[in-house]
Structure formats: structure tokens, C-alpha cells
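Colleague: Fold the following for me, if possible:
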Amino acid sequence: MIEILTTIFLIFAVIDPIGTIPVYLEATKEFDLIHKKKIAIRASIIAFLILLFFIVLGQIILSGMSVSLDAFQISGGLILFLFALSMIFGNGKPAQEKSEITDYKHVTVFPIAIPSIASPGAIMAVVLMTDNHLYSIKQQSITTALVLLVIFLTCLILLAANHLQEKIGNYGITVISKIMGLILASYAVQSILSGIHSYFNFAN
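Modeller: Residues are numbered from 1 along each chain as shown. The predicted structure follows:
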């Protein structure tokens, strides 16, 4: 049970639904309430399908390129770590992605579904957390279900975005996003250490 809760927390941290709120609000400001809800639901579905694609085929793609698990763990950890640093020290996910909104007709896919929900960090994380060499089919299925759960929670958060922003404010959203970045950084470092440990075959 503790392992499941930890996995949920890590997925929640890397997807960062709270940090997606300002992006969603900015991207949908030209739409009425009904269309805003449709965009939130569709963006969540698209984001899950993107993550599911990498959960199912990510390992196959890596194997076809002859990329070792150790190399992927280390490189993936580095990318996650840099992503986490951008969440902690940068302008933040909302400010960066809000500035990329140029076409309000296609905001469901970009920037809400990707890269706001299904971010590069989230994609890398789900591939690492469902690696065929480390996890059984049952464990991968559970992780996939937990990803779906977090996406569902993300959808609910987006549907209540206007109310949440009024309650916690932009400052509160920024603080929460940075806390998620700290958690993600810890997970990324652990991934790097695991890859190095496995590559050099260190004794426990």
C-alpha cells in the first residue's frame, strides 16, 4: 500500500496538475464554460493516450535502438533532474507554457495535453517506472492504472481550475509546483544512482 501511495505521489509530482491550472486558464480564456469543460476532458484523454503509448512502446523503441537499461536510467534521470530544476529555479511551468500559446483553436492538444500534462518529464518518468527489465506485467499494469488515476484527478482539477485559482492564488500554485520539483529531483537522482550501480555492478 505504501509503495502504491509513493508511486501515485511521484506521478502526481511529475505531471504537476496544480501547475497546469494557469496554463489551462490562459489557453481557454476565449471559450465559454461548456467548451472549457470539453477542453479539460479531451486534453486529459489525449495526455493519457500519449503516456500510454510510451508505457507500451517506450521499451521496444529503446531496445530497437540498442540502448541499455543502465544508459536509459542515467540519461532519463538526468533529463528528469534538469526538468525538476526548471520547476524549482526557473520561471516555472505555467509562465513558460503560457508564453507558448499562440493558437486558441488547438489548445486542447498544445499546450494543455502536451507539454503541460504529458510533459517530457512525465513521459520519461512513466517509461522508467514501467521498465520491462525491472517490473512484472502486473506491476506495470498497476502503474498504468495509477497514471490513469492521476490523469483523472488532473481532469477534475482543471474542471475546478477557476475556483482553485481563486482559493490558492498564483503564488500558492507556484509554491506547490516548486515542492513537486523537489520531489521529482529526488526521484531523478535515485534513478541515476540505480543506473550507475547496475552498470558498474557494485556490491550491495
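
Colleague: CA atoms for contacts and neighbours, from now on please.
Modeller: OK.

Colleague: Thought Leu82 was touching Leu184, still the case?
Modeller: No - contact criterion C-alpha atoms under 8 Å: Leu184 and Leu82 do not qualify, at 9.9 Å.

Colleague: Those two: which has the busier surroundings?
Modeller: Leu184 (30 against 17; other C-alpha atoms under 10 Å).

Colleague: Got the confidence number for the more buried one?
Modeller: pLDDT recorded at Leu184 is 76.

Colleague: what about it, which SS state?
Modeller: Assigned with DSSP: H, G, I helix; E, B strand; the rest coil, Leu184 falls in the helix class.

Colleague: That one: what's it in contact with?
Modeller: Residues counted as contacts of Leu184 (C-alpha atoms under 8 Å, 6 or more residues apart in numbering) are Leu10, Ala13, Val14, Leu80, Phe81, Ala84.

Colleague: pLDDT for these - can I get that in JSON lines?
Modeller: Shown next, in JSON lines, are the contacts of Leu184 (pLDDT from 0 to 100):
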{"residue": "Leu10", "pLDDT": "90"}
{"residue": "Ala13", "pLDDT": "89"}
{"residue": "Val14", "pLDDT": "87"}
{"residue": "Leu80", "pLDDT": "75"}
{"residue": "Phe81", "pLDDT": "85"}
{"residue": "Ala84", "pLDDT": "79"}
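
Colleague: can you tell me which of the residues you listed are in helices?
Modeller: Of these, the ones assigned to helices by DSSP state H are Leu10, Ala13, Val14, Leu80, Phe81, Ala84.

Colleague: Against Leu80, how distant is the second one?
Modeller: Put plainly, it is Ala13. As defined by C-alpha to C-alpha, to the nearest Å, Ala13 lies at a distance of 11 Å from Leu80.

Colleague: Can you select the buried ones from the ones in helices among the contacts of Leu184 in PyMOL?
Modeller: Restricted to buried positions by 16 or more other C-alpha atoms under 10 Å, the PyMOL selection for the ones in helices among the contacts of Leu184 reads:
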select buried, resi 10+13+14+80+81+84
